[in-house]
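> Coordinates for the following, if possible.
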Amino acid sequence: MNYTLLGKKLGMTQLYDGTVQVPVTVIQAGPCPVLQVKTVETDGYNAIQIGYETKKEKRASKAEQKHAKKNGAATPRAIREVRCDSAPEYNSGDVLDVTKFEEGQKIDIIGITKGRGFQGVMKRFNVKGGPASHGSMFHRRIGSIGLCQWPGHVFKNQKMPGRMGGRQRTVQNLKVVKIDPEKNLILVKGGIPGANGDTILVRSAIKGK
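Okay, the predicted model is just below:
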């Protein structure tokens, strides 16, 4: 199983690797209590359910409260299920933290991109657009989108204005620059999807060596 944690994007900063400036994203990952362990015998597949942070009891349903208390944990703010290739090596009540990650290793980050609302093709797909001169009358529009007599309709997957962002995206093989186990922080090279404060999933890279 790829080691996986739930975390939160805190923001970006920079570090110096010798004389080279490295842009890094600061992630608060874990601690994540294991809320449930699923196996092929009991559930038909192998997985573990992990939680992150806590929320007030009055904001949680009875089912959420009992599910957490049964495993000796406070009601988590976020819950995710992580599939395992074989029978999980963890038990309910175990706590996962950043100590399993190492500086220099590659990780994957899964998050929701920032929502940009309804946007035109120039911002959404980097379309060139028309001339900026006064007499053009064609500045930021999409232009021609199809043929007239044949096929008589707009081709599928034509790039057009629409909702931009707010989708799940995975960034693979990001390098871990630094780890702070005391504060549960991971500093990774480069940017990751989402706004500051968004919940993200951190896992060991599935393709990285």
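> model confidence over the lengthiest helix in the chain, on average?
Counting by DSSP state H, the longest helix found in the chain is helix 62-69. For helix 62-69, the mean pLDDT works out to 83.
> ok now that helix, how far from the chain's centre?
26 Å (CA atoms, centre = their mean, to the nearest Å).
> Stretch 47-60 now?
Taking CA atoms, centre = their mean, one finds the center of stretch 47-60 at 18 Å from the center of the full chain.
> same check, this time on stretch 67-76
With CA atoms, centre = their mean, you get 24 Å for stretch 67-76.
> just stretch 187-200 next, same as before
That offset, for stretch 187-200, works out to 8 Å (CA atoms, centre = their mean).
> For that stretch, give the mean pLDDT please.
92.
> what angle sits between the very next helix or strand once past the longest helix of the chain and helix 62-69?
Remark: after helix 62-69, the chain's next helix or strand is strand 76-83, criterion DSSP states H and E. Here strand 76-83 runs at an angle of 70 degrees relative to helix 62-69 (axes from the mean of the first three to the mean of the last three CA atoms, to 10 degrees).
> who does strand 76-83 pair up with?
Its sheet considered, strand 76-83 pairs with strand 47-54 (antiparallel) by DSSP bridges.
> If you count neighbours, what's buried in the partner strand?
Residues 47, 48, 49, 50, 51, 52, 53 are the ones in strand 47-54 that count as buried (16 or more other CB atoms under 10 Å). Glycine gets a C-beta too; all of them are placed from N, C-alpha and C.
> partner residues bridging the second one?
Translated: residue 48. Beta-bridge pairing for residue 48 (DSSP bridges): residue 37, residue 82.
> Surely it is in contact with residue 88?
Yes - using CB atoms under 8 Å, residue 48 is in contact with residue 88, at 4.9 Å.
> Now residue 57. Its backbone dihedrals?
phi -60, psi -40 (degrees, to the nearest 10).
> which residues touch it?
65, 75 (CB atoms under 8 Å, 6 or more residues apart in numbering).
> and the helix or strand harbouring residue 13, what other elements does it pack with?
Using DSSP H and E, residue 13 sits in strand 4-17. Counting by 3 or more CB pairs under 8 Å, 6 or more residues apart in numbering; DSSP states H and E, the packing neighbours recorded for strand 4-17 are strand 20-29, strand 47-54, strand 76-83, strand 168-180, strand 185-189, strand 199-204.
> Which of these sits closest to residue 139?
For the helices and strands packed on strand 4-17, the distance to residue 139 is smallest for strand 168-180, at 30.3 Å, taking CB to CB.
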